[in-house]
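A.B. asks: sequence first, predicted model second:
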Amino acid sequence: MPQKPSHLSRRLTLLTAALAVSLAAVAQQSSSSSSSSTPDTPAISNTQNTPQNGANPAFRPRAAQIEEGGSAVTLETSEPLFDMGAALNACGYDADLDKSAPVRAEVRADMNTTLAASETARASRDALCAYIASHHLNDAGLNVGQYVSLALYLSPPPSLTPNLDETELPPQATQVVNILPLLRTFVAEVDLHYIWLHHHSEYEALQARVHDAMVHAVLSTNIYLHQPVSSYDGRRFLVLLEPMLSPSLTNARVYGSDYIIVMSPSNATGVPVPIGEIRHIYLHYVIEPMVYSRGTAMERIQPMLRGVQDAPLEFFYKSDVVALMTECLIKAVEAHMYVIDSPAPEKPKSKERVDLDRYAALKALYDSENSLARLKLVDTDEAQGWVLTSYFYQTLTQMEHTGDGLRDEIAPMIYGMDVDRERKHAEEIVFVKTVPADPLRPNTAPRKIEGMDLAELDLMTGKPDQAGDIAEKTLADPKGDHARAQYVLARINLMQGDPEKAMAGFQQTLTLSKDPRTMAWSHIYLGRLYDSMNPPDRDHALAEYKLAETVRDSQPDTKKAAEAGLAKPFALPLRAKPQAQDDDKDFDPTGKAEKDSYQPPAPK
């Protein structure tokens, strides 16, 4: 028997229906409900991928269960994805931790508490992290992406098995599929299912914050394109929220007829994910089938590729005219839908002529500013290499005047293109040097080292003064990472020969920090300080080394250092004494020895 929907699900459904009705009225369309979409009204359902929803894992052959007759556009969470994200975090994945939603730090703290209390849990964590370390990729996006790809096709725990045959999994996923036995053991030992249930209300709250903005983006796009969205017919657009990953990295996937986005909410106020990226991938979902169905027209458009060979685009776009054209059309749609930040003037309630004339003047100015901003955006897109954006922008303008939809106008747009003229136009464009990353093909830029990361680097490269300045500024900032700042200052004190200040600093670090690595090394340093006392305090040193073993992270250096401290007392390394030099020992004021040692060169 299907279970009763939760209060949150009912509330989000009502919000969807209300927004659908209001937007549909503007477009003079009708709507029925949001739980089962009509041909003119999309629905975004919120499916909780939990054991409570009655979904049978054995019948989930794809990334998420979609019921026939339900919505093709869904906003969801996924426990297998949570498990994978939590595992990465347990193994040192800290990317943008300071920018993530608070629930990420809370989950990490819960895992650390369990790990500190269980040796078997730590052993399962170490085995899992050794596998992750051995399969590390230099590109941060690809490194995380391979585990995301696998998690999308896993049944819920405890089984965590692929829903497809391994030969049918995405190529990225097959590279790390052997992690699953280790992941299952880790999930069981750390009791991740309990942690998932404990924090699920926070996941639902994040969904609620994203839901309305996503509904508006999808519906307004459909209204502009006159694009009906039917109920699920084998194609779907799926947005998954997972706070355990970096909020600056969007994992977008197109697997067959599935368009999937994995997004991580940030700690920003308002909508915690970039809705523009959701709209962009949704436009791919809507437009790509229309373009690719006109394959017979692509051969004559092929010369357009010559006009983008010097553009800063990926080779994929320089070699595939269909992909290039699709992206340009999407850019043109986004330009038409772009609205400046300034609020639109409100229509006066008064019927007085002066008020209506004033409103008309303000409205004309507002529309003019929007038009200029959109044309500027088109120019920017073309300078980045999307050379057909202007062409499609003009044809979309004609579509607005005729009132037809994109499905009716796509054929004239493609077949009616003057390829020679557009190619010459492309060859006249002065391209910029770089372009923003495409969510479907992210190119992760090197992370900028700043803040306490920069202080750590300064300390490692022999610049304690610079490291200390950064740490002091961090302590003065109420939102700064005070634990790491104290840890850096304690190490500086140790380097400068002040063990009392260093010990106080490490103890203060332990009261502030929840990071396993920082805590473990603080305990190790304290143990070494106790061992180095005169006389040594071995009992306290052993206690610190034992604490380091229990709170340590997954890295082998903390384990090795703690075990070494338990095995024998720490001893400061002996420094070789410089030999005394007698500068006058071989001094001969007469120069006789030098003359006697002189040998003339042999005769030639």
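C.D. replies: That came in fine, so what should we check first?
A.B. asks: which stretches of the stretch 201-350 of the chain form strands?
C.D. replies: Ranges of strands in the stretch 201-350 of the chain, per DSSP state E, counting those that start in this stretch, are 236-241, 251-255, 258-263.
A.B. asks: just put those in TSV and tack on mean pLDDT and mean neighbour count.
C.D. replies: In short, each C-beta sits where N, CA and C put it, glycine included. TSV is the format used below for these (pLDDT from 0 to 100; neighbours: other C-beta atoms under 10 Å):
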stretch	mean pLDDT	mean neighbour count
strand 236-241	92	24
strand 251-255	84	19
strand 258-263	91	23
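A.B. asks: which non-adjacent residue is nearest Phe392?
C.D. replies: Spatial nearest neighbour of Phe392, excluding adjacent residues (C-beta to C-beta, 6 or more residues apart in numbering): Ala332 at 3.6 Å.
A.B. asks: which residues in the stretch 101-250 of the chain form helices?
C.D. replies: Assigned by DSSP state H, counting those that start in this stretch, the helices in the stretch 101-250 of the chain fall at 102-117, 119-134, 140-151, 171-174, 180-190, 192-198, 200-225.
A.B. asks: flag the shaky bits of the stretch 401-550 of the chain, pLDDT-wise.
C.D. replies: Residue ranges of the stretch 401-550 of the chain with pLDDT under 70: 439-447.
A.B. asks: mind listing the helices for it?
C.D. replies: With DSSP H, counting those that start in this stretch as the criterion, the stretch 401-550 of the chain has helices at 406-415, 419-427, 451-460, 464-476, 482-495, 499-512, 516-531, 538-551.
A.B. asks: which strands or helices does the strand or helix carrying Ser390 pack on?
C.D. replies: Using DSSP states H and E, Ser390 sits in helix 389-402. Helices and strands touching helix 389-402, by 3 or more C-beta pairs under 8 Å, 6 or more residues apart in numbering; DSSP states H and E, are helix 321-337, helix 353-383, helix 406-415, helix 419-427.
A.B. asks: the first one versus helix 353-383: what angle between them?
C.D. replies: Think helix 321-337. Going by axes from the mean of the first three to the mean of the last three C-alpha atoms, to 10 degrees, helix 321-337 is angled at 160 degrees with respect to helix 353-383.
A.B. asks: now the angle from helix 321-337 to helix 389-402?
C.D. replies: Using the same axes, to 10 degrees: helix 321-337 against helix 389-402 is 60 degrees.
A.B. asks: in the protein, which residue is most central in space?
C.D. replies: Leu249 (2.4 Å; C-alpha atoms, centre = their mean).
A.B. asks: where does pLDDT dip in the stretch 1-150 of the chain?
C.D. replies: Confidence mapping of the stretch 1-150 of the chain against pLDDT under 70 gives the ranges 1-70.
A.B. asks: what is the burial count for Arg423?
C.D. replies: By other C-beta atoms under 10 Å, 18 other residues sit near Arg423.
A.B. asks: over to Val215?
C.D. replies: Neighbourhood size, Val215 [other C-beta under 10 Å]: 24.
A.B. asks: and if you look at the one 10 residues further on?
C.D. replies: One way to gauge burial is a neighbour count; for Leu225, by other C-beta under 10 Å, it gives 22.
A.B. asks: go on, Ala133?
C.D. replies: Residues near Ala133, counting by other C-beta under 10 Å: 13.
A.B. asks: mind checking how far the residue nearest to it when sequence neighbours are not counted is from Leu128?
C.D. replies: Nearest non-adjacent residue to Ala133, counting by C-beta to C-beta, 6+ apart: Cys91, 7.4 Å away. Per C-beta to C-beta, to the nearest Å, Cys91 is found 6 Å from Leu128.
A.B. asks: more neighbours: these two, which one.
C.D. replies: Taking neighbours as other C-beta under 10 Å, Cys91 and Leu128 compare with Leu128 leading, 25 against 19.
A.B. asks: returning to that earlier point: can you list residues touching both of Cys91 and Leu128?
C.D. replies: Ser554 (C-beta atoms under 8 Å, 6 or more residues apart in numbering).
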